[in-house]
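A.B. asks: Give the three-dimensional model of this entry:
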Amino acid sequence: MKIQVKSLLPTAYGTFDIVIFSDDPNDAIPHFVLMHPEMDKTKPISLRIHSECLTGDLLSSTKCDCGEQLSESLRIISEDKGALIYLRQEGRGIGLINKLKAYNLQDEGLNTIDANIHLGFEADERHYDIAIEMLKTLKINQIKLITNNPEKIKEMDDSVIDLVGRIPIIIKPGDRNKDYLDVKKDLMGHLL
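C.D. replies: Numbers count the residues shown, from 1 in each chain. Next up, the predicted model:
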């Protein structure tokens, strides 16, 4: 995985450097990093590792809290002069088509974990080794991870990256995503 291009990206949260990573220069869905231009790599940086959620991030789905987590993370990294890694791991790594099949099963009464398992997947198929590789390439060695996910914490803690702290990401549950958040907390151990 290597850097294909770097550019300035003005956003509603401020201007960031956007760095595109891929082995293929023609990759249509590469991973990327948003970095505050004034980020100080000699100190621990506030970092969000965010897996793609088209329905939440782009379409503002109320079935999950992904879009709200992304927005809050962008606010934090803008304020803290940090970074956000955006991994193209839609639907906990099962892809958009299977994610929507899982949504249909959830509408029939299965929870998010059981729906994925029913489709033949693990509860969570995501991996964070790509994020670790990206951090090493960018020479980011110390992080304060913006997450509630204990699996992300474990993978970062077990890596060469120095995890010096966690920044909780608090999203108020809504009527449509309360059960989803309860499953994340009760069955997946998320620190909500």
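A.B. asks: quick one: average pLDDT of stretch 170-183?
C.D. replies: For stretch 170-183, mean pLDDT rounds to 64.
A.B. asks: do the same with stretch 12-26
C.D. replies: 96.
A.B. asks: which residues make contact with it from outside it?
C.D. replies: 1-9, 30-37, 74-75, 77-78, 130, 134, 137-138 (CB atoms under 8 Å, 6 or more residues apart in numbering). Glycine gets a C-beta too; all of them are placed from N, C-alpha and C.
A.B. asks: and for stretch 115-125, what are the contacting residues?
C.D. replies: With contacts defined as CB under 8 Å, 6+ apart, stretch 115-125 is touched by 89, 92-94, 98, 101-103, 105-106, 110, 112-113, 151, 187-188.
A.B. asks: could you flag which of those residues are buried?
C.D. replies: When those are checked for burial by 16 or more other CB atoms under 10 Å, the buried set is 89, 92-94, 98, 101-103, 105-106, 110, 112-113, 188.
A.B. asks: returning to what we had before: just the contacts of stretch 115-125: which are in helices?
C.D. replies: 92, 93, 98, 101, 102, 103, 105, 106, 112, 113, 151 (DSSP state H).
A.B. asks: Which is the succeeding secondary structure element to the top helix by length along the chain?
C.D. replies: Identified as the longest helix of the chain according to DSSP H is helix 66-80. Sequence order places strand 83-87 as the next helix or strand after helix 66-80, per DSSP states H and E.
A.B. asks: Give me the sheet partners of that next one and which way each runs.
C.D. replies: With DSSP bridges as the test, strand 83-87 is paired with strand 31-35 (antiparallel), strand 45-51 (parallel).
A.B. asks: Just the C-alpha atoms of that strand, please, in PDB.
C.D. replies: Taking C-alpha atoms only, strand 83-87 is exported to PDB below (Å, rounded to 0.1, in the frame of the first residue of the first chain):
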ATOM      1  CA  ALA A  83      -6.200  12.800  11.600                       C
ATOM      2  CA  LEU A  84      -8.900  10.500  10.300                       C
ATOM      3  CA  ILE A  85      -8.200   7.200   8.500                       C
ATOM      4  CA  TYR A  86     -11.200   6.200   6.200                       C
ATOM      5  CA  LEU A  87     -11.100   2.500   5.500                       C
END
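A.B. asks: list the buried ones in that strand?
C.D. replies: So strand 83-87, judged by 16+ other CB under 10 Å, has buried residues 83, 84, 85, 86, 87.
A.B. asks: Check stretch 48-64 too.
C.D. replies: 48, 49, 50, 51, 52, 53, 55, 56, 57, 61, 63, 64.
A.B. asks: re the thing from before, out of the buried residues of strand 83-87, which comes closest to residue 42?
C.D. replies: Checking the buried residues of strand 83-87 against residue 42 by CB to CB gives residue 83 as the nearest, at 14.2 Å.
A.B. asks: Mind telling me which residue is nearest the centre of the protein?
C.D. replies: In the chain, the residue lying closest to the centroid (CA atoms, centre = their mean) is residue 50, at 1.2 Å.
A.B. asks: quick one, what contacts it?
C.D. replies: Applying CB under 8 Å, 6+ apart to residue 50 gives the contacts 57, 66, 69, 70, 73, 84, 85, 86, 87.
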